[in-house]
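[1] Predicted model, plus sequence, below.
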There are 2 protein chains.
Amino acid sequence: MLTTRKSNKRQLILEEAAKLFKQKGFGGTSMRDLAGEVGIEAASMYNHIRSKDEILELICFRVSSTYISQLAEIEATDAPYVEKIKALIRLHIRLMIEDGAAVSVANHDWKYLPEPALTEFKQARKQYEKGFAALIEQGIAAGEFQPVNVSVALFTILSAVRWVELWYRPGRELSAEELEANIITMLLTGLEKK
Amino acid sequence: MLTTRKSNKRQLILEEAAKLFKQKGFGGTSMRDLAGEVGIEAASMYNHIRSKDEILELICFRVSSTYISQLAEIEATDAPYVEKIKALIRLHIRLMIEDGAAVSVANHDWKYLPEPALTEFKQARKQYEKGFAALIEQGIAAGEFQPVNVSVALFTILSAVRWVELWYRPGRELSAEELEANIITMLLTGLEKK
DNA sequence: AATCAACACAAACGAATGTTTGTTAGTATG
DNA sequence: CATACTAACAAACATTCGTTTGTGTTGATT
């Protein structure tokens, strides 16, 4: 008998690591903490992973590549720019809800990546931001958006969508759909009544 | 001769600590790192501060009490709610620009506060959020704002204002005033052109 | 039955951590 | 001049860290 061919212990380590890193930070989480959560000794984890840094890399790059490939999909559609931006906002919220721990780690602990990875990650993030910004710029050119500073719009949207991690709990007053609708309203039509 | 009665070395430590904590995180900054920046040995710092934790506490609570007292001032005016919210947004941006390192630490490293302080800090933050939310709620009731979910509006604003720390550099394309104007436009009238 | 890889463990490693200790030089106060 | 305080230092402290090593067990393969 075997649990699953090619043990899933590695996957379990990554999942528990994401939770702990989110909760206590990368530096604040020891390999012994993590091992305790997984249910083995710290030394045993090295049968499944190369190092603590490798865990961080795997988490961060899984998240960044998800964002980048999803951005490419949205870019390829021929919806109005308003709809593309809405789709991106929904993407961020969904990922945050479904994979919140990993997304939080990629948002906060990426700076502890060891050096070739650090530069690579920053480039990936910049690439994503460039693509996102281009959609906003084109939307302004097409007359769909107000002529606001593109960087300000970009980072306002990206940041506004981050707090979901701090706030959303499955049994909360708002469903995921209501949450999306409310955030989209805030960002696209603003707080003030016209 | 003396440099200044009641040495400012303690203040210097706090300032350098804020910079380092922002840059490398609380856990990622060692007392030897910090001492090096201050220009003395690690042991010597204990003539000026009680512990590493105390440094974090002093930074975090200085920031939280600034926010709370400024909120009280704004609450006391009798401007329209739109103007009160704008004033709060401007307050956040100004504090971020003028005291960015400390604000960043209070935003990111508060979770490493030791225990009585941790609870106290969370309460202070909750108190601030409650006051901010009340202004939004009253603004909706007064017909100045759209009937959006209050928590969503609150956290969208608070988050949207945080990225300034990552982005603003004194010699940037946008002045502080232009930055404020753009963010306020985004948050109050939205991205979409009507 | 023998072999082998996978995987768990205890023990230990060196490095780094926050902090304490003991001491010393300089300076203000009586 | 004697006293007391401030603030610097080197050295060492115990602890924790990520990781390595060596060893044992288990279950599948040959």
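    Yep, it's here.
[2] Would you confirm that A:Trp163 contacts B:Ala160?
    No: with contact defined as CB atoms under 8 Å, A:Trp163 does not reach B:Ala160; the gap is 9.1 Å. Heads up, the C-betas are built off the backbone N, CA and C, glycines and all.
[3] Taking the centroid of chain A, which residue is nearest it?
    Geometric centre of chain A, nearest residue: A:Val103, 3.3 Å, by CA atoms, centre = their mean.
[4] Which other helices and strands does the helix or strand hosting it contact?
    Per DSSP states H and E, A:Val103 falls inside helix A:100-108. Applying 3 or more CB pairs under 8 Å, 6 or more residues apart in numbering or on different chains; DSSP states H and E, we find helix A:100-108 packed against helix A:9-24, helix A:52-76, helix A:164-167.
[5] Among the ones you listed, which comes closest to chain B?
    helix A:164-167 (5.9 Å; CB to the nearest CB).
[6] After the closest one, heading C-terminal, what element do we hit next?
    Using DSSP H and E, the helix or strand that directly follows helix A:164-167 along the chain is helix A:176-189.
[7] in that next one, what counts as buried?
    Within helix A:176-189, the residues that count as buried by 16 or more other CB atoms under 10 Å in any protein chain shown are A:Ala176, A:Leu179, A:Glu180, A:Ala181, A:Asn182, A:Ile183, A:Ile184, A:Thr185, A:Met186, A:Leu187, A:Leu188, A:Thr189.
[8] list the contacts for the closest residue to the fifth one other than its chain neighbours?
    Distance criterion CB to CB, 6 or more residues apart in numbering or on different chains; nearest residue to A:Asn182, sequence neighbours excluded, is B:Val152 at 4.1 Å. With contacts defined as CB atoms under 8 Å, 6 or more residues apart in numbering or on different chains, B:Val152 is in contact with A:Leu174, A:Leu179, A:Asn182, A:Ile183, A:Met186.
[9] B:Val152 in helix, strand or coil?
    What DSSP: H, G, I helix; E, B strand; the rest coil gives for B:Val152 is helix.
[10] where does it land on pLDDT?
    You'll see B:Val152 listed with a pLDDT of 92.
[11] Equivalent analysis for A:Tyr46, please.
    Note for A:Tyr46: predicted pLDDT of 94.
[12] what about chain A, any weak spots by pLDDT?
    Scanning chain A for pLDDT under 70 picks out A:1-7, A:194.
[13] and stretch A:111-123 with DNA strand D, contact?
    No: using CB under 7 Å from any atom of the strand, stretch A:111-123 stays clear of DNA strand D, coming no nearer than 9.0 Å.
[14] which residues are contacting that stretch?
    By CB under 8 Å, 6+ apart, stretch A:111-123 touches A:Phe26, A:Gly27, A:Asp53, A:Leu56, A:Glu57, A:Cys60, A:Phe61, A:Ser64, A:Trp110, B:Lys24, B:Gly25, B:Gly28.
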